[in-house]
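In: With the input below, show me the fold.
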Amino acid sequence: MKKKLFAIAALVAALGTSAGSASAQEVLTGDTRLACEAVLCLASGTRPSECAPSLNRYFSISARKLKDTIKKRANFLKLCPASNQSPEMASLVNSMANGAGRCDSQSLNSSLIMYRGWDSGETYISNRMPDYCAAYTGHAYTDFNSSGTMPRYVGTPEEGGYWVEAKDYDRALAEYNARLEEQRRRNRENGWLQR
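Out: Numbering: from 1, shown residues only. Modelled structure (predicted):
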């Protein structure tokens with residue numbers, strides 16, 4: 001995976017230096033440079049502080065409707081000359097525009113609320129990652145799977161499961177299991193059987 005990220009970085013650098021012997025920082029400027037940096041930063045689950053300017057620019061792009069925000073963000077990423085160099089890069093930009101900022105645990109927990117029934121009003125959080133997140137985090141040119149930074153689901157939807165960041169999974173699972181055990185203990189004390 002790191003080889004693929006390195007290949008993306010090399011392609012971006014090569015495009016920047018193709019005009020002569022100048023470095024990529026001297027050739028790529030403004031939004032073009034920020035777009036290329038954003039592509040690199042959004043491809044990784046671990047983002048160094050150097051990503052802040054490009055990601056701030058990317059996430060500052062918004063519109064009234066989500067579909068318009070996605071389109072504007074995709075157009076920004078397309079400013080990077082490497083974004084249309086291959087079908088894989090074009091699909092990477094598309095998956096980034098659709099998934100980046102929408103596939104963290106907080107976003108998943110708020111967007112995947114489902115109703116158990118129309119009359120009961122009870123809800124649960126689905127454990128099925130949306131297709132746009134699977135396309136983004138599972139893209140051949142991203143490293144979310146290999147770096148272990150993908151959000152993970154704790155528990156089951158039937159028993160109050162929820163999404164957490166990968167780094168918090170072990171702690172959250174222990175807390176979830178302790179909460180379930182305590183609930184089962186109280187149910188036993190009250191004479192209710194819990195399966």
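
In: which residue ranges form the helices in the chain?
Out: For the chain, the helices defined by DSSP state H occupy 2-17, 24-27, 30-42, 52-59, 66-77, 87-99, 105-111, 131-137, 144-147, 169-189.

In: I'd like to check which residues are in contact with the residue nearest the centre of the chain.
Out: Central residue check for the chain by CA atoms, centre = their mean: the C-alpha nearest the mean position is that of C103, 3.8 Å away. Residues counted as contacts of C103 (CB atoms under 8 Å, 6 or more residues apart in numbering) are 129-130, 132-133, 136-137, 151. (Each C-beta comes from the backbone N, C-alpha and C, glycine too.)

In: In CSV, list the helices of the chain along with mean neighbour count, mean pLDDT and distance to I125.
Out: Putting those into CSV (neighbours: other CB atoms under 10 Å; pLDDT from 0 to 100; distance: least, CB to CB, whole Å) gives the following:
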stretch, mean neighbour count, mean pLDDT, distance to I125
helix 2-17, 16, 49, 31
helix 24-27, 14, 56, 43
helix 30-42, 21, 94, 25
helix 52-59, 16, 96, 24
helix 66-77, 16, 97, 20
helix 87-99, 20, 95, 18
helix 105-111, 16, 95, 6
helix 131-137, 19, 94, 14
helix 144-147, 16, 77, 20
helix 169-189, 13, 91, 12
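
In: okay, those helices in a markdown table with distance to T156 next?
Out: A markdown table is the format used below for the helices of the chain (distance: least, CB to CB, whole Å):
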| stretch | distance to T156 |
| --- | --- |
| helix 2-17 | 34 |
| helix 24-27 | 48 |
| helix 30-42 | 31 |
| helix 52-59 | 32 |
| helix 66-77 | 29 |
| helix 87-99 | 25 |
| helix 105-111 | 15 |
| helix 131-137 | 19 |
| helix 144-147 | 22 |
| helix 169-189 | 10 |
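
In: Out of these, which is closest to Y124?
Out: Between Y124 and these, the shortest gap by CB to CB is with helix 105-111, which sits at 11.0 Å.

In: ok, and what's touching that closest one?
Out: Residues from elsewhere that reach helix 105-111 (CB under 8 Å, 6+ apart): 101-102, 125, 129-130, 133, 151, 162-165, 168.

In: How about stretch 174-193?
Out: Applying CB under 8 Å, 6+ apart, the set of residues contacting stretch 174-193 from outside is 154-155, 159-161, 194.

In: can you check stretch 124-136 too?
Out: Here stretch 124-136 makes contact (CB under 8 Å, 6+ apart) with 95-96, 98-100, 102-103, 108-109, 111-114, 116, 137, 142, 144, 151, 153, 156-158, 160-163.
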